[in-house]
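**Q** I need the structure of the sequence given here:
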Amino acid sequence: MSDVVISASGLGKRYPLGRRAQQGEPYVALRDVLSRSVGTLGRSALNTILRKPVTIPEKTEDFWALQDVSFEIARGDVVGIIGRNGAGKSTLLKILSRITEPTTGRVAIKGRIASLLEVGTGFHPELTGRENIMLNGAILGMRRAEIRKQFDAIVAFAEVEPFLDTPVKRYSSGMYVRLAFAIAAHLEPEILVIDEVLAVGDAEFQKRCLGKMQDVASQGRTVLFVSHNMGLISNLCRRCLLLEQGRLAAFSDTGDVIRTYEQKVQRLIGRSELPVGHLWSASTVDPSTFAITSVELADSRGQPSSSARSLDDVSFTIGFHAPRPQRNGSVAIFIKSLNGTVLLRCATRPDSNFDMEVHEGVGRVRCLIKALPLPPGEYVLSVGLAIPMREWLCLEEELCLFEVGFNDVHQSGFVPRQDHAQAVAHYSWST
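**A** Now for the predicted structure:
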């Protein structure tokens, strides 16, 4: 009997861009029907006013989220799935979870799958936490007796007992994720599929989730885990699958694949020819959307620079465009290692006391980091504009590279090595 529980052969997924669904294309949502009706009404009114037919061109381009992806995963394997945003990771998990059908290829799965792909998947906002445990358990294939047997363990893991009889629409995103993960993990599936949603939880919850996934793996069950946190991937996963622009770029031991990913990130981002101090600038901006437009770097003297030094003060100035005013806006920057691990996060609200009201049009905000705690090396910068505790208005992942140089603050002549630690500090010794 074969130990292979997931076998994918030539998987491909195509999505139409800017085109109304043709006959035979699945997943026509209510919003699509309504938008078509409004569009038809608008065209009729325009025809009446102009007294002539109006032709609205339709795009016919197709976007392939996945192309020719083939692999096999054995029983008890713990596999990480990594890649840049838009590489096809979430599309692959949706196909494996039978949420969407592949356009080409086939996938064979042995065993029951529990998936946690999006915050609140399977939850009804008007129902209470208690009712949603029963509902979500049923959606995931649990029998009523099975749900009752696991009910106390689910509630204890999720830490939502005081809110069990509260409608989940009043839950925070963290509470949503805790409850959803608890249900999926206690289902005792043969295959557990987890997307990046664990990033919503706090450090303690992530630690407990990691421990639970390790327990699942130790019982001989299979785990698929998508994350941008290479530290979690390294700790949890024996093997790793790397997607690049919808294609399978590598599938091997985790350490080897992470090194491959790191090299590809360096080559993909590269260095653009911009004036000193300009790390990144958008070539075009859609006036109807929120967008990050520029990133500038200044050294400890406030002068434009293309690099920083360890333990120097450094500032990042973020330019953005807003199509409308936005109260309680927040800008966040994420400094990552080349392998994708977040080393430093700086945000306006809710992390700091800086209140930011986004006005319509072009805006700028400056973040001063005192004594940059990074050793010499190259780092990746991501920038986002958000509504605090709610959602991203725009998020530019892996936007640009910047370099941190040596700063001999201890007058020792010793260059801190990045493989020794991921942070540096100005310290002294005494007896």
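**Q** isn't V78 right up against C240?
**A** No: taking Cβ atoms under 8 Å as the definition, V78 is not a contact partner of C240, at 9.7 Å. C-beta here means a position set from N, CA and C on the backbone, and glycine is covered the same way.
**Q** chain neighbours aside, what residue packs nearest to T293?
**A** Nearest residue to T293 in three dimensions, chain neighbours excluded: G319, at 4.2 Å (Cβ to Cβ, 6 or more residues apart in numbering).
**Q** the one you found contacts V383, correct?
**A** No: with contact defined as Cβ under 8 Å, G319 does not reach V383; the gap is 9.8 Å.
**Q** touching both of those two, which residues are there?
**A** By Cβ atoms under 8 Å, 6 or more residues apart in numbering, G319 and V383 have these common neighbours: 292, 295.
**Q** which one of these two has more residues nearby?
**A** Each of G319 and V383 has its neighbours counted (other Cβ atoms under 10 Å); V383 has more, 24 against 20.
**Q** please list all residues in contact with that one.
**A** 292, 295, 318, 331-334, 395-396, 399.
**Q** low-confidence ranges, the protein, go.
**A** Scanning the chain for pLDDT under 70 picks out 1-2, 18-60, 118-122, 140-141, 197-203, 268-274, 350, 389-390, 412-420.
**Q** residues in contact with the most centrally placed residue in it?
**A** Nearest to the geometric centre of the chain sits E196, at 5.4 Å (Cα atoms, centre = their mean). Contacts for E196 (Cβ under 8 Å, 6+ apart) come out as 226-228.
**Q** likewise V78?
**A** Neighbour list for V78: 213, 217, 222-223, 225, 236-239 [criterion: Cβ under 8 Å, 6+ apart].
**Q** restricted to buried residues, select the residues you listed in PyMOL.
**A** Here is the PyMOL command that selects the buried residues among the contacts of V78 (16 or more other Cβ atoms under 10 Å):
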select buried, resi 213+217+222+223+225+236+237+239
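**Q** against which helices or strands is the lengthiest strand in the chain packed?
**A** Longest strand in the chain, counting residues (DSSP state E): strand 391-405. Contacts defined by 3 or more Cβ pairs under 8 Å, 6 or more residues apart in numbering; DSSP states H and E place strand 391-405 against helix 254-269, strand 278-281, strand 291-298, strand 307-309, strand 326-336, strand 377-387.
**Q** that strand pairs with which strands, parallel or anti?
**A** strand 307-309 (parallel), strand 377-387 (antiparallel) (DSSP bridges).
**Q** of all the ones you listed, which one is nearest E161?
**A** Taking Cβ to Cβ, strand 377-387 is the member of these nearest to E161, at 29.0 Å.
**Q** buried residues in the closest one?
**A** Within strand 377-387, the residues that qualify as buried are 377-386, counting by 16+ other Cβ under 10 Å.
**Q** residues contacting stretch 94-108, please?
**A** By Cβ under 8 Å, 6+ apart, stretch 94-108 touches 6-14, 26-27, 66, 68-70, 91, 109, 113, 115, 117, 193, 224.
**Q** report the buried members of these.
**A** Buried among the contacts of stretch 94-108 (16+ other Cβ under 10 Å): 6, 8, 11-13, 66, 69, 91, 109, 113, 115, 117, 193, 224.
**Q** out of the residues you listed, who's nearest I133?
**A** Nearest to I133, judged by Cβ to Cβ, of those is S115 at 16.6 Å.
**Q** so who does the closest one touch?
**A** By Cβ under 8 Å, 6+ apart, the contact set of S115 is 93, 96-97, 99, 121, 184, 193-195.
**Q** and those, which of them are in helices?
**A** The helices, defined by DSSP state H, take in 93, 96, 184 from the contacts of S115.
**Q** any idea which element the nearest residue to the last one once chain neighbours are set aside lies in?
**A** By that I understand A184. Spatial nearest neighbour of A184, excluding adjacent residues (Cβ to Cβ, 6+ apart): A114 at 4.2 Å. Using DSSP states H and E, A114 sits within strand 113-116.
**Q** strand partners of that strand, parallel vs antiparallel please.
**A** Using DSSP bridges, the strands paired with strand 113-116 are strand 191-194 (parallel).
**Q** rewinding a little: of the contacts of V383, which is the most crowded?
**A** Going by other Cβ under 10 Å, V331 tops the contacts of V383 with 25 neighbours.
**Q** that residue and M356 touch, don't they?
**A** Yes: using Cβ under 8 Å, V331 is in contact with M356, at 6.8 Å.
**Q** give me the common contacts of those two.
**A** Counting by Cβ under 8 Å, 6+ apart, the residues touching both V331 and M356 are 348, 365.
**Q** on that earlier part again, cross the contacts of stretch 94-108 against strands and list the overlap.
**A** Using DSSP E, the subset of the contacts of stretch 94-108 located in strands is 6-14, 66, 68-70, 109, 113, 115, 193, 224.
**Q** which of the three states applies to E204?
**A** For E204, the assignment made with DSSP: H, G, I helix; E, B strand; the rest coil gives helix.
**Q** thinking again about what came up before, what's across from the residue nearest to T293 in the sheet?
**A** Beta-bridge pairing for G319 (DSSP bridges): S294, R364.
**Q** who's in contact with it?
**A** 292-296, 362-364.
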